[in-house]
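In: what's the 3D shape of this:
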Amino acid sequence: MTTKIASKDIKEKIIIALDVKNQAEVLKILACLPEARIFKVGLELFTAEGPAVIELVRNHGRLVFLDLKFHDIPNTVAGAVRAAVRHGVSMLTLHTSGGKEMMSRAMEAAREESEKSNLKMPLLLGVTILTSLKDKDLNEIGYSSGSQAQVLRLAQLAWQAGLKAVVCSPQEIELLRTELGPELKIITPGIRPVWAEAQDQKRIMTPAEALIKGADYMVIGRPITQAVSPAEAFARVVEELETTIKDTQ
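Out: I've put the predicted structure just below:
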């Protein structure tokens, strides 16, 4: 199954992962990638620099994808989501394995805080199964089903809780599109251009393949940020995606 690809600014489909340790390195990446729109702030960077790094990225006119994968009791997660909304993030993640109530409360908190603060409500993303995990790893931690079945189960739970977006590996895109339809937003890490190494992620795919299967956003980090010329690497990915769109129309 392939998904019809909308003709829009393809650069907005690429989320740059800020897999760096401090604000100085963030500034270098922002300067090197003037065409990139969305930047992911993950656990290591946020722990090192705190909310100031969100402000830094936003002050440079970019959107922040806060990837802290909230997973706690519903009340605690709701409070964390409210704080994230006040920081002006555009996207944030929570673990679907936290359960339906946790996700529902997170959605409610995001909606209420956005209205209260007069800010745009961020897109809440339900993280299914990490791309670093294979079926063997899932068995070791107690899951009886394989990655595809588990991803589908968790994505369905997120949808029932009111979330309109999930994070999954590229291998599950077609499955979720078939079962949950076109309205679901799919964000996928594990994206590696053919000219890049796989590194620590196992369930991976090229940008063109992910786009054809129906990914709405794709997270790409080191293949771009650690390239000799990040701007050229970014342009290469954009060109690959634009060519893919032309070939499918």
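
In: rest of the way, CA atoms for contacts and neighbours
Out: Fine.

In: Distance of T244 relative to V89?
Out: For T244, the distance to V89 equals 30 Å [C-alpha to C-alpha, to the nearest Å].

In: Compare the two (neighbour count), which wins?
Out: The neighbour count for T244 versus V89, taken as other C-alpha atoms under 10 Å, is higher for V89 (24 against 17).

In: Give the closest residue to the more buried one in space, chain neighbours not counted.
Out: Closest residue to V89 apart from its sequence neighbours, by C-alpha to C-alpha, 6 or more residues apart in numbering: V64 at 5.1 Å.

In: what's the answer for E49, then?
Out: Closest to E49 by C-alpha to C-alpha, 6+ apart is N22, at 6.4 Å.

In: cool, L119 as well?
Out: Spatial nearest neighbour of L119, excluding adjacent residues (C-alpha to C-alpha, 6+ apart): G88 at 7.1 Å.

In: Any idea how many residues pack against the residue lying closest to S117 once chain neighbours are set aside?
Out: Closest residue to S117 apart from its sequence neighbours, by C-alpha to C-alpha, 6+ apart: R86 at 6.9 Å. For R86, the neighbour count with other C-alpha under 10 Å is 17.

In: so where does the most centrally placed residue in the chain fall, helix or strand?
Out: Nearest residue to the geometric centre of the chain (C-alpha atoms, centre = their mean): I187, 4.7 Å. Taking DSSP states H and E as the criterion, I187 maps to strand 185-188.

In: returning to that earlier point: state the distance from the residue nearest to S117 to G181.
Out: Plainly put, R86 is 31 Å away from G181 if you go by C-alpha to C-alpha.

In: Kindly list the longest strand within this protein.
Out: strand 63-70 (DSSP state E).

In: counting contacts, what elements does it pack onto?
Out: strand 38-41, helix 52-59, strand 91-95 (3 or more C-alpha pairs under 8 Å, 6 or more residues apart in numbering; DSSP states H and E).

In: follow-up on the earlier one: OK, contacts around the residue nearest to V89?
Out: The contact partners of V64, by C-alpha atoms under 8 Å, 6 or more residues apart in numbering, come to 38-41, 54, 57-58, 88-91.
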